[in-house]
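Asker: Here is a sequence with its predicted model. Questions after.
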Number of protein chains: 2
Amino acid sequence: MGISGEAEHPYVPRDLKLPGFVPGFLSQSTILAVYGISSLLVVSFMWILSGRFRKISKVDRLVMCWWIFTGLTHIILEGYFAFSPEFYKVKTSHYLAEVWKEYSKGDSRYAGRDSGVVAVEGLTAVVEGPACLLAVYAIATRKSYRHILQIAISLGQLYGTAVYFITALLEGDNFATTAFYYYAYYIMANIWWVIIPTTIVVRSWKKICDAFRAQEQKKTKTR
Amino acid sequence: MGISGEAEHPYVPRDLKLPGFVPGFLSQSTILAVYGISSLLVVSFMWILSGRFRKISKVDRLVMCWWIFTGLTHIILEGYFAFSPEFYKVKTSHYLAEVWKEYSKGDSRYAGRDSGVVAVEGLTAVVEGPACLLAVYAIATRKSYRHILQIAISLGQLYGTAVYFITALLEGDNFATTAFYYYAYYIMANIWWVIIPTTIVVRSWKKICDAFRAQEQKKTKTR
């Protein structure tokens, strides 16, 4: 307990003011297990469901699993954060508040409500989250916009992650409680949103170029 | 002159600390005239040059004018800002420093080096600026990636502008010297980077969907 009688927060920088802070109740392993098991269930459900559609390749089915996972993460986890400025005051073991109390050990800008982080998370939750679910539908029904939609979302994820890391560097890159949390949460939890969107952009970019080349050839033949 | 003997800055909020601030030398009309006339020259040059290529529609030529204009703005103006943290201390009438001393009247976060603004401007200058010049080349030579590239850049511009406006709102939206500068600089100078990228996304999105539909039809016929 601090001088004021309030619980001291575990975050860095130490002079971060969080009046009314209530420590988390759930252990790190509980929080991760709930996220991991829910995600596994969602991904398994999508893998099985997508197998029932005809003409969908295994790569497309894997990509659909990614879109449902990342879409629900954006809408539920990041959506809660974006619209809950006082999550660190929550007095119960509300799972979503626990997630952000725990994640703030890797990046205290979440508890500190850094405007860059809130702007990126808000856009991710409100714009990109629903767009991910639309991508699942677009792939399943082979819409003509399925690849451009996937590129649009992936570029948004890459732009958001870039702003997220660059603003931290500009502000001194000193927001993690320990080196463990820096690498485990701040780096490892985010790096997937660099690797996977980049892979999807490359794949869908090629598909779009192929479609244009086919269209050009067709025109040339018609002449 | 302030108590310290230094020039007082004209920016809001008044408690913004800018040690070593040197006021601008050029008038608003001079700064705008240089930007306006240079842009007009660049756009005219592109309009004439693009007319010499065959098979390029007037709409594509207009779009090429936009890409050369916005690309050079990103690289030169925004590139200077992103890498000149001390532009407000410049003691000469260096044009690029003058631009940002003047623009900061509409948004003092530029002089104040807000990390969100610097991150967005850095990405815009380094990633999007050169990509705009590539878009001019891609349209001129009818590359198969011309539309997806235009969407990628436009979405980046839209994402950047969204972060720019949302962070300002989250931080209290009180960065303009007067209401005139708020509307003339902060709103009017940025709104084009909402309207034009949106228009380009809609146009190129349709072109990509058309290409996929043509490809699907071709496959169906082949069967």
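Answerer: Arrived safely, thanks for sending.
Asker: so who does the residue most central in space within chain A touch?
Answerer: Nearest residue to the geometric centre of chain A (C-alpha atoms, centre = their mean): A:His74, 5.1 Å. A:His74 makes contact with A:124-125, A:128-129, A:132, according to C-beta atoms under 8 Å, 6 or more residues apart in numbering or on different chains. In this view, the C-beta of every residue, glycine as well, is placed from N, C-alpha and C.
Asker: Name the SS class of it, please.
Answerer: Judged by DSSP: H, G, I helix; E, B strand; the rest coil, the three-state class of A:His74 is helix.
Asker: I'd like the distance between it and B:Ser154.
Answerer: Note on A:His74: its distance to B:Ser154, by C-beta to C-beta, to the nearest Å, is 22 Å.
Asker: Also A:Asp107?
Answerer: 30 Å.
Asker: Comparing these two, which residue is more hemmed in?
Answerer: B:Ser154 (28 against 24; other C-beta atoms under 10 Å in any protein chain shown).
Asker: Test my guess that the more buried one contacts B:Thr198.
Answerer: Yes - judged on C-beta atoms under 8 Å, B:Ser154 makes contact with B:Thr198 at a distance of 7.5 Å.
Asker: In space, what's closest to A:Pro10 - neighbours in sequence excluded?
Answerer: Distances taken as C-beta to C-beta, 6 or more residues apart in numbering or on different chains place A:Thr177 nearest to A:Pro10, at 5.6 Å, with adjacent residues excluded.
Asker: Any idea how many residues pack against that neighbour?
Answerer: Residues lying near A:Thr177 (other C-beta under 10 Å) number 18.
Asker: for A:Ile56, same thing?
Answerer: A:Ile56: 17 surrounding residues under other C-beta under 10 Å.
Asker: List the contacts of it.
Answerer: Contact analysis of A:Ile56 by C-beta under 8 Å, 6+ apart lists A:50, A:64, A:139-140, A:142.
Asker: Repeat that for A:Glu98.
Answerer: If you count contacts by C-beta under 8 Å, 6+ apart, then A:Glu98 has A:24-26, A:31 around it.
Asker: Just say helix, strand or coil for it.
Answerer: Three-state call for A:Glu98 (three-state DSSP): helix.
Asker: what's the distance between it and B:Gly122?
Answerer: A:Glu98 sits at a distance of 35 Å from B:Gly122 (criterion: C-beta to C-beta).
Asker: now swap in A:Gly122 and tell me
Answerer: Distance from A:Gly122 to B:Gly122, counting by C-beta to C-beta: 21 Å.
Asker: Can you verify my assumption that A:Leu77 contacts A:Leu96?
Answerer: Yes - in this structure A:Leu77 lies within contact range of A:Leu96 using C-beta under 8 Å: 6.6 Å.
Asker: ok, the two, which is more surrounded?
Answerer: Neighbour count, other C-beta under 10 Å: between A:Leu77 and A:Leu96, A:Leu77 has more, with 20 against 16.
Asker: Just give the nearest non-adjacent residue to that one, would you?
Answerer: Spatial nearest neighbour of A:Leu77, excluding adjacent residues (C-beta to C-beta, 6+ apart): A:Val99 at 6.0 Å.
Asker: I am finished for the moment; much appreciated.
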